[in-house]
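Student: Sharing a model that was predicted from the sequence below.
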Amino acid sequence: MFERKILKEFEKWMNGGGKKKALVVKGMRQIGKTFSVLEFARSHYKHVVYVNFKENDSARKIFDGDFNVNRMTIDLSALLPDARFEPRKTVIIFDEIQECANARASIKPFMEDGRYDVICTGSLLGIKGYNKKKGKGVPTGFERIVYMKPMDFEEFLWAKGIDEKVIDYLKECFSNKKPVSEATHNVMLRYFREYLCVGGLPYIVSRFVETNDMNVVWQEQQDILEEYKDDFGKHLDEDENEEIDRTLLGRINRVFDSIPAQLAKENKKFTYSSLEKKGRSEAYQNAIQWLYDCGIINLCHNLTNISTPLDGYKIENAFKIYVQDSGLFVAMLEKGCAAKILSGDLGFYKGAIYENIVADCFSKQGRNLYYFRKDSGLEIDFVETIAGETALIEVKATSGQTKSAKTVLQNENYEVDICYKLSENNVGVVGKIVTLPYYMTMFLE
């Protein structure tokens, strides 16, 4: 498969001092959690004991009894003949642990025992993993949580086999604020459009690298979108009152399906009235939180003021919703949209498409997302802290003007001195406005 940056986070966990904790890798489906964990485990441990709770019903029963470590390892050895438990040389991998809440509860005794390392993966830990009705509790204080995201643009370039020297050259141009050579600039714009349409789900990326066929990519993306909607339905199992769950399921689907239309509006703020004529925020809060906890969407909150700390000025009930993976967002639009993007014809959704990919890039850097909009019409697409400075980020599908950004930069009431304008244009600096091509978003860390 492909090289992933997350492996460095795994190494930090393994080499970290102090109290030993289990590594819990959370994230949306199809992002390569299992592959990355297994690759890491096989290269760092003598023995790997792998348990997949979605595929192995018998394994779940092992954790219905007491949490005596010797008893559990004996039962696992009986179930998995190749399993070897050697102190400090064995790692136990609990894959799809959301399917066995008791296995997650067993983390505490495993960590207190100290003989074996434990790594867990799960897609719905934000919901099912914390359901006390389903198990014996969550091991508070014994987990190191790592959030895994789809592949970022740099990882996409690695997957395409782009030489590291090319990326180093781009970093140099970014650091020195000098234009990229025209030939390289045009090629990188093409790669970024590909990434926008393909997204960062490893299986989809592999299909694209193998076939270079966007029709194949689109069909695979449709299959994954359907699988996600099947996952929404699994929430019906979480409450004994099926009627309430079905209501929530309908709201989850309505929120998810409405995202393209919500972002196509001039004011991209999420509005409940677009879901129901008398849509109420309290009725949809659980649905939005469900999608966010699953890692499927990103929330970008409006600010009352541009000042630090940004989170202290966010407006809880004023936000935009973006899809976590840009490829899935494009797949939610009409068929053939990817071909138009690759040809440069963005059509009606052009603003939404590029805002979503920038939100996607920032999210993969571990950022919380913010924007700034006033009733006067002044609007900044994103406000983020970059290199220790509060910065405005404007996303332009075409060359575009930055009237709002200039207004903010000239106003001493706002604590901001720089604006990054992202577009297809090459690197350039005019006063406090730095123009960057989209593909350099990966350097805004």
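Tutor: Right, received. Where do you want to start? Given the structure is predicted, the values throughout are model-derived calculations rather than measurements.
Student: Ignoring the adjacent residues along the chain, who's closest to the most centrally placed residue in the chain?
Tutor: Among the residues of the chain, the one closest to the centroid is Lys149, at 3.8 Å (Cα atoms, centre = their mean). Excluding the flanking residues, the one nearest Lys149 by Cβ to Cβ, 6 or more residues apart in numbering is Lys364, at 4.5 Å. (Glycine included, C-beta is placed from N, CA and C.)
Student: Which pLDDT does the model give that neighbour?
Tutor: Note on Lys364: pLDDT of 94.
Student: Can you report how many residues lie near it?
Tutor: The number of residues packed near Lys364 is 24, by other Cβ atoms under 10 Å.
Student: List the contacts of it.
Tutor: With contact taken as Cβ atoms under 8 Å, 6 or more residues apart in numbering, Lys364 is in contact with 149-150, 152, 200.
Student: now do Asn68
Tutor: Pro109.
Student: where does it fall, phi/psi-wise?
Tutor: Main-chain dihedrals, Asn68, degrees, to the nearest 10: phi -70, psi 120.
Student: And for Ile386?
Tutor: Taking degrees, to the nearest 10, you get phi -130, psi 120 for the backbone angles of Ile386.
Student: Which strand residues bridge it?
Tutor: When bridges are called by DSSP bridges, Ile386 pairs up with Glu389.
Student: separation between it and Phe443?
Tutor: 10 Å (Cβ to Cβ, to the nearest Å).
Student: again with Trp158
Tutor: Distance, Trp158 to Phe443, by Cβ to Cβ: 15 Å.
Student: what does Thr140 give?
Tutor: Computed as Cβ to Cβ, the Thr140 to Phe443 distance reads 37 Å.
Student: More neighbours: which of these two?
Tutor: More crowded of Thr140 and Phe443, by other Cβ under 10 Å: Phe443, with 16 against 7.
Student: Nearest spatial neighbour of the more buried one, chain-adjacent residues omitted?
Tutor: Leaving aside its chain neighbours, Phe443 sits nearest to Phe174 (4.6 Å; criterion: Cβ to Cβ, 6+ apart).
Student: Would you agree the one you found falls within a helix?
Tutor: Yes. Phe174: assigned to a helix according to DSSP: H, G, I helix; E, B strand; the rest coil.
Student: Arg71 sits in which helix or strand?
Tutor: Using DSSP states H and E, Arg71 sits within helix 69-79.
Student: Check which element follows that helix along the chain.
Tutor: Criterion used, DSSP H and E; the element after helix 69-79 is strand 90-95.
Student: Can you give me the buried ones in the helix or strand just after that next one?
Tutor: Per DSSP H and E, the first helix or strand lying C-terminal to strand 90-95 is helix 101-105. Buried residues in helix 101-105, counted by 16 or more other Cβ atoms under 10 Å: 101-105.
Student: pLDDT on the next helix or strand after helix 101-105, on average?
Tutor: From helix 101-105 onward toward the C-terminus, using DSSP H and E, the following helix or strand is helix 107-113. Helix 107-113 comes out with an average pLDDT of 95.
Student: just stretch 301-317 next, same as before
Tutor: Mean predicted lDDT for stretch 301-317 stands at 94.
Student: Quick check: end-to-end length of it?
Tutor: Stretch 301-317 has its terminal residues 8 Å apart, counting by Cα to Cα, to the nearest Å.
Student: Over to stretch 331-340?
Tutor: First-to-last residue span, stretch 331-340, Cα to Cα: 12 Å.
Student: residues making contact with it?
Tutor: 197, 214, 217-218, 221-222, 225, 257, 259-260, 323, 330, 346-347, 349.
Student: Show me the shaky parts of the stretch 101-250 of the chain.
Tutor: Along the stretch 101-250 of the chain, the model assigns pLDDT under 70 to residues 124-138, 234-244.
Student: Where is the longest helix in this protein?
Tutor: Criterion DSSP state H: the longest helix present in the chain is helix 242-264.
Student: and that helix, how far from the chain's centre?
Tutor: How far helix 242-264 lies from its chain's middle: 20 Å, per Cα atoms, centre = their mean, to the nearest Å.
Student: Which strands or helices does that helix pack on?
Tutor: If contacts are counted by 3 or more Cβ pairs under 8 Å, 6 or more residues apart in numbering; DSSP states H and E, helix 242-264 sits against helix 214-234, helix 281-293, strand 314-323, helix 326-332, helix 350-364.
Student: Return the angle between stretch directions for that helix and helix 214-234.
Tutor: 140 degrees (axes from the mean of the first three to the mean of the last three Cα atoms, to 10 degrees).
Student: Name the residues of helix 242-264 that are buried.
Tutor: 245, 248-249, 251-252, 254-256, 258-260, 262-263.
Student: Can you pull the domain assignment for the chain?
Tutor: Following automatic domain parsing, one finds the domains of the chain at 6-147, 153-443.
Student: distance between the last one and the chain's centre?
Tutor: Which is domain 153-443. 11 Å.
Student: The shortest one now?
Tutor: Offset of domain 6-147 from its chain centre (Cα atoms, centre = their mean): 22 Å.
Student: quick one: terminal-to-terminal distance for it?
Tutor: End-to-end span of domain 6-147 (Cα to Cα): 9 Å.
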